[in-house]
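> with the sequence up front, the predicted model follows.
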Amino acid sequence: MNTTILGYPRIGARRELKFATEDYWAGRADADALNRTGAELRADVWTSLRDAGLNAIPSNSFSFYDHMLDTSVLVDAVPERYRKLSGLDRYFAMARGVQDVPPLEMTKWLDTNYHYIVPEVGPGTRFRLADGSAAKPLAEFREARALGIETRPVLVGPLTYLLLAKAEEGAPKEFRPLDLLDGLVNVYSELLERLAGAGAKWVQLDEPVLVADRSEEEIAALKRAYARLGRLTSRPRLMVATYFGTIGADALRVLAASRVEAVGLDFVAGPENVDVLASVGGLPRKTLVAGVVDGRNVWRTDRRRAMATCASLLGLVDQLVVSTSCSLMHVPIDLDAETALEPGVKERLAFARQKVGEVVALGRALREDVPLPDDAMASPAAVNQEVRERLEALNDAGRGDRGSRFEAQQEALGLPVLATTTIGSFPQTSEIRRARADRRAGRISEDAYTQVMKDEIARVIALQEDLGLDVLVHGEPERNDMVQYFAEQFDGYAATQHGWVQSYGSRYVRPPILHGDVARPRPMTVEWTTYAQSLTRKPVKGMLTGPVTMLAWSFVRDDQPLGDTSRQVALALRDEIADLEAAGIRVVQVDEPALRELLPLRDADRPAYLDWAVGAFRLATSGAADTTQVHTHMCYSEFGEIIGAIGALDADVTSVEAARSRMELVADLRAAGYANGIGPGVYDIHSPRVPAAEEIEENLRRALLAVEPDRLWVNPDCGLKTRAYPETEASLRNLVAAARRVRAEL
Ligand code: GLN
Ligand code: ZN
């Protein structure tokens, strides 16, 4: 082994996996067809990796939905409610639910935008190797071998599996999934023995949790698990892979002392791994799998720098393998498929296939001690001097104090207590989607497109008037995606044609690429918003995507600190808000659903992140007049760790996902000193269910225990774009009725 990667995209260059799974779900194709597509995609990946000259090839990084879910099935961690189903139907029921049986929870994979299916375990969970000799890692290993390709099966490590699992409902309070470690390690032992029997020389165990803060107890568990696996008499060689940051010295010491043959470290997200490695005395009898090619971002590798890193590591380890920093599943598949990238940008990029080439070239240069071919110098990121100078010179006086802002807005807007609103988007009908697609393909004129959007906006405004909402929205029909919409209009951003990355299951996203200084050549939302405002006397909220979310859901430049990039985005948004105000818009909302997502994995790194993240939001919003009401919205989160930061944003109104936590968030926010307006989502928009007015009233009464009526807002959990009109209308009608009834009680 001299070159490898930690994993490869599973979705297929033409999104074959998406179409095959969706056909299966819709009953358009049977299990055989789906399995055939799976086998083709795997064969394709293995052969292309071999042909690229990679000499250690991973397997079992394929999945029909998610690799954590695969692991749950592998070790038979299947909650009782799914057991009446079997095979693929059971598997997909766990992922997506079926009538009357909700799915397992889904959450973000460490600090990425990939979502995994959260294992649910309890004291009664008995792990076993569910499919015996037909277990997926074994089957895929044999499948590759039948093609003449030796592979290294990739498994989620036992520690990571349990630390990312949750206790089932009703489990005793003191129960921790990690309590189940010994039973799980038994199953891994059996699996490793079987893999050895099948001829596997190496196995990769992914333990990314080792780059976050770990307790002594967890480090002891790590030691116990790998001591046991290391002692197996018949097993493949073990490679423990970490990624997304710097491994803790305590964890690395445990691995160094174990019988594990190889350790993978990420030198892109965790350049400090060099120091940690040195501090523990290196890995003198082990192989280091050095992640020097970025698996999370789309930039070409600076090969000289990567070589220098490798060279500095050679003395610390017995053997060095060149690798990617993490699985390549987080980047698009093939840059060659892109034909429309602006000149100057494309030559700075590398997608999965190109990154494999980089690994191979680095490995060759290292092995043969030949100099690297001279890279043609790619042009540097475009500089926008005006943006830089404006940021430099910006003298931000900030807004008035919250009390005087509140008074000013009361007077300007005249809203009732328990004011009602929505989060921004209304259902995206097929007509809207078609119009957007037709416009992109040049099938309809710009005017015809604008008319369809305006008609939709007029409909949505009329509906909201009829429903009796207090602060209206234009409904966002013109937006395909809340990040892409703005990225397409900013300078310094590029969109790809085929750059799909799996977000969860069959949902893939095409993150835009932020490649140069960001600027706003012209207003982006003013026309739509003012059109909506012209149709009503009620205030219409202008809708913007915040700087942190713009970065979190894009590929970002790595040649300057993220905080600097965030300020450029913030400045553009600040200008947009000024234009909206000048056009008569009195309420703006700057969405930051991803504020929690970028939170660093280690506590020590969090203050610095929150500092720039909050700073960017404030830079974007603090030019607004005191009479302008600034809203923000957040979702997808346990907010606990950022609750202080939410207050620091100092928005006039914050709407948050709260329906599922029964409004507890309101009290938490107040306890953390947040005194501005709060709109706890009073019903869950992630399901088509229509909440009864009584249920919403109850939520409001509960919220009122912690917040004054003039600070409480009434709104759904999140945007409505994934819903259909009938349930949306019914739900909002109940929402308004509930607000009115509770108002009357005050
Ligand atoms: N304004 C956006 C919408 O309503 C917010 C989306 C989000 O929070 N993810 O769709
Ligand atoms: Zn939301």
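That came in fine, so what should we check first? Numbers count the residues shown, from 1 in each chain. Ligands and ions are numbered 1, 2, ... in the order given.

> helices of the stretch 451-600 of the chain, start to end?
Taking DSSP state H, counting those that start in this stretch to define them, one finds helices in the stretch 451-600 of the chain at 484-487, 526-534, 547-552, 562-582.

> looking at those, which is buried most?
Highest mean neighbour count among the helices of the stretch 451-600 of the chain (mean count of other Cβ atoms under 10 Å): helix 547-552, with a mean of 27. C-beta here means a position set from N, CA and C on the backbone, and glycine is covered the same way.

> counting contacts, what elements does that one pack onto?
helix 562-582, helix 606-621 (3 or more Cβ pairs under 8 Å, 6 or more residues apart in numbering; DSSP states H and E).

> what packs against the shortest one?
Think helix 606-621. Short answer (3+ Cβ pairs under 8 Å, 6+ apart): helix 606-621 packs on helix 547-552, helix 562-582, strand 587-591, helix 643-649.

> ok so, going back, with distance to residue 86 added, can I get the helices of the stretch 451-600 of the chain in JSON lines?
Shown next, in JSON lines, are these (distance: least, Cβ to Cβ, whole Å):
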{"stretch": "helix 484-487", "distance to residue 86": "40"}
{"stretch": "helix 526-534", "distance to residue 86": "50"}
{"stretch": "helix 547-552", "distance to residue 86": "38"}
{"stretch": "helix 562-582", "distance to residue 86": "46"}
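
> what parts of this protein come near ligand 1?
Contact residues (Cβ under 6 Å from any ligand atom) of the chain with ligand 1: 423-425, 476, 482, 543, 591, 593, 633, 635, 718-719, 721.

> residue 600 and residue 641: what is the separation?
10 Å (Cβ to Cβ, to the nearest Å).

> those two - which one has more neighbours?
Neighbour totals were compared for residue 600 and residue 641, and residue 600 leads with 16 against 13 (other Cβ atoms under 10 Å).

> sorry, back to before: tell me which of the helices and strands packed on helix 606-621 sits nearest to ligand 2.
strand 587-591 (7.0 Å; Cβ to the ion).

> picking that back up, among the residues of the chain next to ligand 1, which are in reach of ligand 2?
593, 635, 718 (Cβ under 5 Å from the ion).

> quick one, what contacts the closest residue to ligand 1 within the stretch 51-200 of the chain?
Residue of the stretch 51-200 of the chain nearest ligand 1, by Cβ to the nearest ligand atom: residue 113 (12.0 Å). The contact partners of residue 113, by Cβ atoms under 8 Å, 6 or more residues apart in numbering, come to 501, 503, 509, 511, 552-553, 597.

> could you double-check that residue 494 lies in contact with residue 515?
Yes: with contact defined as Cβ atoms under 8 Å, residue 494 counts as touching residue 515 (5.8 Å).

> now do the shared contacts for those two.
With Cβ under 8 Å, 6+ apart, residue 494 and residue 515 have common neighbours residue 345.

> between the two, which has more neighbouring residues?
For residue 494 and residue 515, the more surrounded residue by other Cβ under 10 Å is residue 515, and the numbers stand at 25 against 22.

> just checking, that one touches residue 558?
No: contact criterion Cβ under 8 Å: residue 515 and residue 558 do not qualify, at 10.5 Å.

> residue 687 and residue 727, how far apart?
9 Å.

> hmm, back to that, got any residues that touch both of residue 600 and residue 641?
residue 606.

> so what's the residue count around the one residue in the stretch 251-400 of the chain that gets nearest to ligand 1?
Residue of the stretch 251-400 of the chain nearest ligand 1, by Cβ to the nearest ligand atom: residue 330 (20.1 Å). Each residue near residue 330 was counted by other Cβ under 10 Å, and the total is 26.

> same question for residue 391.
15.

> quick check: mean pLDDT of the helix or strand containing it?
Here residue 391, judged by DSSP states H and E, is contained in helix 385-393. In this model, helix 385-393 carries a mean pLDDT of 97.

> stretch 725-736 now?
The model assigns stretch 725-736 a mean pLDDT of 97.

> so for stretch 271-283, what gets flagged as buried?
273-274, 276-277, 280, 282-283 (16 or more other Cβ atoms under 10 Å).

> ok, so of those, who is nearest ligand 2?
The closest of these, once distances to ligand 2 are taken by Cβ to the ion, is residue 273, at 35.3 Å.

> for ligand 2, what is the nearest residue in the stretch 151-300 of the chain?
residue 166 (22.0 Å).

> any idea what that residue is bridged to?
residue 120 (DSSP bridges).

> how near is it to residue 121?
Taking Cβ to Cβ, one finds residue 166 at 8 Å from residue 121.

> what's stretch 331-345 in contact with?
Here stretch 331-345 has contacts from 9, 11-13, 295-298, 346, 349-355, 378-379, 382, 494, 496-501, 510, 513, 515, 555, using Cβ under 8 Å, 6+ apart.

> now stretch 247-260: buried residues?
By neighbour count on 16+ other Cβ under 10 Å, the buried set for stretch 247-260 is 247-248, 250-256, 258-260.

> near ligand 2, which residues of the stretch 551-700 of the chain are found?
593, 635.

> any low-confidence regions in the stretch 551-700 of the chain?
636-637 (pLDDT under 70).

> at 90 what do you get?
635-641, 657-665, 684-689 (pLDDT under 90).

> residue in it nearest to ligand 1?
residue 593 (3.9 Å).

> repeat for the chain
Closest point on the chain to ligand 1, by Cβ to the nearest ligand atom, is residue 719, at 2.1 Å.

> ok, residue 509 touching residue 496?
No: the pair residue 509 / residue 496 is not scored as a contact, 10.8 Å apart, by Cβ under 8 Å.
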